[in-house]
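[1] Whatever this is, show me its structure:
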Amino acid sequence: MTTSRLEIQTERRGLREITREIRAVVDDAGVLDGLCTVFVRHTSASLVIQENADPSAAADLERWIDRLVPDGDAIFTHTAEGPDDMPSHVKSALTSTSLSIPILGGALGLGTWQGVFLWEHRRRGSTRHVLIHVA
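    Have a look, this model is predicted:
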């Protein structure tokens with residue numbers, strides 16, 4: 001059993017694949033069969049498992065969620081950090097802040113075209129902290 005911390009600097013809004021970093025933690029843990037839990041410690045970023053073979057899938061997801069929850073919508077009153085403040089919280093609530101991935105034979109049990117992504121919802125990016133627990 002092990003817990004690791006990742007510090008990821010995002011430069012802008014969007015999906016950033018972190019599968020490689022998570023695989024490294026699982027490899028170091030030496031667990032053959034178990035569970036990998038990934039948790040992002042923020043309310044304006046999230047985690048998703050999504051296709052990692054064709055970048056257009058990520059781009060389409062980003063455009064879709066931006067259309068669903070646009071910056072500066074008059075419905076929002078929580079704007080302390082700008083017009084993308086509350087929309088970033090809504091986007092995080094609609095996706096996930098925690099993922100559970102089986103470990104099978106010492107490897108993440110992801111499908112062929114699946115990758116784990118940190119989804120930055122703020123325009124300006126930020127330093128994001130991700131916990132990875134392997135048991």
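[2] Where does the closest residue to Phe117 other than its chain neighbours fall, secondary structure wise?
    With sequence-adjacent residues excluded and distances taken as Cβ to Cβ, 6 or more residues apart in numbering, Phe117 is closest to Leu15, at 4.4 Å. Bear in mind the C-beta positions are built from the backbone N, C-alpha and C, glycine included. Assigned by DSSP states H and E, Leu15 falls within strand 14-17.
[3] chain center to whichever helix or strand comes after that strand: distance?
    Next along the chain after strand 14-17, taking DSSP H and E as the criterion, comes helix 19-29. With Cα atoms, centre = their mean, to the nearest Å as the basis, helix 19-29 stands 15 Å off its chain's centre.
[4] Show me which positions of whatever helix or strand comes next after helix 19-29 end up buried.
    Following helix 19-29 in sequence order, the next helix or strand is strand 34-40 (DSSP H and E). Going by neighbour count (16 or more other Cβ atoms under 10 Å), the buried part of strand 34-40 is Cys36, Val38, Phe39, Val40.
[5] From those, pick the one nearest Asp73.
    Closest to Asp73 out of the buried residues of strand 34-40 is Val40 (23.6 Å), distances taken as Cβ to Cβ.
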